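1. Okay, sequence plus prediction incoming.
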Amino acid sequence: MKFKATTLYNFKQQGLTLICFMVAIVLFTIALPLLGTLFTSNAQIYGATDLMLLFIIISFISGYIALSQKNFNLFMQNGVSRPTVISVALILNVIFALINTLLAQSIHGTLRTNHFRMRFVNFINDFYGPNSSYGNHNIVWRFLFILLVLFAIANLGSILGAFWSRFGRIPRIILVLLVIFTPTILMNVYRLLSPTAQAHVKIIIAQLIGIQAHSGIEPLITLLVIGLLTGLIVYVLNFKRELKRS
């Protein structure tokens, strides 16, 4: 019963966070630009949103929520064992990584009106899809790749949850800003690079995790090991974690 209650509580919190995040995406990428067309005459509004970056951010936040100090204290005070809390957090990290991967892969294309165009992209597909220099990675390979990346990111969020209460107010604000803006800044810098420089970035990233032109499961194994190692760190950090003010 405690396992079920803990799972449902965390699932509701993380699910609500994901819903709010999706509403924010619709509001800021579609609703507000469309509203802007009502106040402009003959103006063309174009934009592009990288969903992969957004789901990296939400996965990190979701992982943090699973083991935030507030939730950890609540579970401990209600007699839930540490192994149960940790197991639930890791299981939900997998579940929400799967949900986010499905959303990242299913939402694509361009929304068009007479004066508005918004393109939804996924940089993993651009980097390692059929048309890239590291092409011939089919949709199943890319799906598993994204799933493992988001799982590792969620685990990093859970690791931060174990340390959060140790930071003061200013470091917390800095960390939140870094989580939100770093992926966006890096992606915008990448897009400002020349095509040659972009190709070098792709090669470097690919080589770091073992991707080759026709690579098979090697990069997926690398990401799986990273996910398992971060999961082990989550377990170690929380196994004897003390109750503290959040």
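-> That came through, no problem.

2. How confident was the prediction at Ile45?
-> Looking at Ile45, its pLDDT stands at 64.

3. and for stretch 148-160, what are the contacting residues?
-> The contact list for stretch 148-160 (CB atoms under 8 Å, 6 or more residues apart in numbering) reads 55-56, 59-67, 89-90, 93-94, 96-97, 100-101, 124, 175, 220, 223-224, 226-227, 230-231, 233-234, 237. All C-beta atoms are positioned from the backbone trio N, CA, C, and that covers glycine.

4. Report the mean per-residue pLDDT for it.
-> Stretch 148-160 carries an average pLDDT of 90.

5. Need the residues that contact the host helix or strand of Ile233.
-> In this structure, Ile233 sits in helix 218-239 according to DSSP states H and E. Outside of helix 218-239, the residues within contact range by CB under 8 Å, 6+ apart are 67, 72, 82-83, 85-86, 89-90, 93, 141, 144-145, 148-149, 151-152, 155-156, 158-159, 162-163, 206, 209-212.

6. Flag every buried residue along that helix.
-> Neighbour counts over helix 218-239 (16 or more other CB atoms under 10 Å) mark 219-220, 223-224, 226-227, 230-231, 234-235, 237-238 as buried.

7. chain center to that helix: distance?
-> On the basis of CA atoms, centre = their mean, to the nearest Å, helix 218-239 is displaced by 16 Å from the centre of the chain it belongs to.

8. any idea how far the spatially most central residue of the chain lies from Asn78?
-> Ranked by distance to the mean C-alpha position of the chain (CA atoms, centre = their mean), the top residue is Ile56 at 1.9 Å. Using CB to CB, to the nearest Å, Ile56 is found at 32 Å from Asn78.

9. just to revisit the earlier point, and the buried residues of helix 218-239 as CSV, adding distance to Arg119?
-> Formatted as CSV, these follow (distance: CB to CB, whole Å):
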residue, distance to Arg119
Pro219, 27
Leu220, 28
Leu223, 27
Leu224, 31
Ile226, 30
Gly227, 30
Thr230, 32
Gly231, 35
Val234, 36
Tyr235, 41
Leu237, 40
Asn238, 41
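
10. Between those residues, which sits nearest Gln198?
-> Using CB to CB, Pro219 comes nearest to Gln198 of the buried residues of helix 218-239, at 19.5 Å.

11. now the angle from the one helix or strand Thr196 maps to to helix 218-239?
-> Here Thr196, judged by DSSP H and E, is contained in helix 195-209. Here helix 195-209 points in a direction 60 degrees away from that of helix 218-239 (axes from the mean of the first three to the mean of the last three CA atoms, to 10 degrees).

12. What is helix 195-209 packed up against?
-> Contact analysis of helix 195-209 by 3 or more CB pairs under 8 Å, 6 or more residues apart in numbering; DSSP states H and E lists helix 123-128, helix 169-192, helix 218-239 as its packing neighbours.
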